[in-house]
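Chemist: need a 3D model of the following:
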Amino acid sequence: MLILLQAVLGFDNLLYISLESKRAPEAEQARVRKLGIGIAIALRIVLLFILLAVVEQAQTVFFTVNLEGKVEAAFNFHSVIVLVGGAFILYTATKEVMHMIALEEADGEKKPPAPAGRVIAMIVTMNLVFSFDSILSAMALTKNKVIMSIAIVISGLLMILLAERVSTFLAKNRMYEVLGLFVLFIVGVMLVTEGGHLAHVKLWGNEVHAMTKATFYFVIGVLVLTDIVQSRYQRKLLAQKRAADGVQASL
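Modeler: Prediction:
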């Protein structure tokens, strides 16, 4: 059950790793993914032991905001981590989408690759952000540290294997990179709303509610279905255009 839980909750993390690793030099991308996930898994086990020891303190409010009914919030450590992580993912996804449609990209210019060390650091950091929910969910099933550690290691090994396959698929099918970035954008929205919910944020008297997993997967399903329909429709238009060009050429 824990391995299945880690796999389901790790989907968005896996997508982030696959997209983030593409920023490293091409020859080092596989090593960056493996090393980044390996370090993150080791730190995730450390985080597991820390959370088991201080889970109540992580939920303790240390900062509040009250602006006369406009903004109300009570932040704890958990909510801050989730909010910051979600905001960063939103920034990353938006930046990459804007870079894709920039004019210089159309002229053949490419961004220089980021240093491998920086990419590994980002993968490790965001992996830890994603770890909070998966570890807290696992703690609801069992408090056995050994069982949870084994599940984390196995899920990490599966993530290393799948990260290679997802990255290879995206490299061969560049059109799906945009879909992946928008999925990542939805992940950022989900984390921001979850962080706002954990902090009991109210904006002009309206409480921020966390996006449910059902809503998240429904939106992802709609995005994937839209992309499939759009791709097939474009292929149909291209086929019709080639057929029309062939008829004109024969005349």
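
Chemist: residue ranges of the strands in the stretch 151-251 of the chain, please?
Modeler: Using DSSP state E, counting those that start in this stretch, the strands of the stretch 151-251 of the chain run over 202-203, 206-207.

Chemist: tell me where the stretch 1-150 of the chain has strands.
Modeler: Using DSSP E, counting those that start in this stretch, strands in the stretch 1-150 of the chain cover 61-66, 71-76.

Chemist: let me see the mean pLDDT of the first one.
Modeler: Along strand 61-66, the predicted local confidence has a mean pLDDT of 82.

Chemist: hey, which helix is longest across this protein?
Modeler: The single longest helix within the chain, with elements called by DSSP state H, is helix 213-250.

Chemist: mind putting the strands of the stretch 151-251 of the chain in a markdown table, distance to residue 192 and mean neighbour count included?
Modeler: (C-beta placed from N, C-alpha, C; glycine too.) Output for those, formatted as a markdown table (distance: least, Cβ to Cβ, whole Å; neighbours: other Cβ atoms under 10 Å):
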| stretch | distance to residue 192 | mean neighbour count |
| --- | --- | --- |
| strand 202-203 | 12 | 16 |
| strand 206-207 | 14 | 10 |
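
Chemist: I'd like those strands as JSON lines, with distance to residue 14 and mean pLDDT appended.
Modeler: Below are the strands of the stretch 151-251 of the chain laid out as JSON lines (distance: least, Cβ to Cβ, whole Å; pLDDT from 0 to 100):
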{"stretch": "strand 202-203", "distance to residue 14": "32", "mean pLDDT": "88"}
{"stretch": "strand 206-207", "distance to residue 14": "31", "mean pLDDT": "87"}
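
Chemist: for residue 161, which of the ones you listed is the nearest?
Modeler: strand 206-207 (40.9 Å; Cβ to Cβ).

Chemist: give me the contact list for the closest one.
Modeler: 197, 200, 201 (Cβ atoms under 8 Å, 6 or more residues apart in numbering).

Chemist: now, among these, which is nearest to residue 45?
Modeler: Lowest distance from residue 45 to the contacts of strand 206-207 (Cβ to Cβ) belongs to residue 197, with 27.3 Å.

Chemist: can you tell me the closest non-neighbouring residue to that closest one?
Modeler: Leaving aside its sequence neighbours, residue 197 sits nearest to residue 210 (Cβ to Cβ, 6 or more residues apart in numbering; 3.9 Å).

Chemist: surely residue 202 touches residue 72?
Modeler: Yes. Here residue 202 reaches residue 72: they are 4.2 Å apart, a contact under Cβ atoms under 8 Å.

Chemist: could you find the closest non-adjacent residue to residue 194?
Modeler: Per Cβ to Cβ, 6+ apart, closest to residue 194 is residue 210, 4.2 Å.

Chemist: then residue 85?
Modeler: Excluding the flanking residues, the one nearest residue 85 by Cβ to Cβ, 6+ apart is residue 129, at 3.3 Å.

Chemist: contacts only, for that neighbour.
Modeler: By Cβ under 8 Å, 6+ apart, the neighbours of residue 129 are 81, 82, 84, 85, 191.
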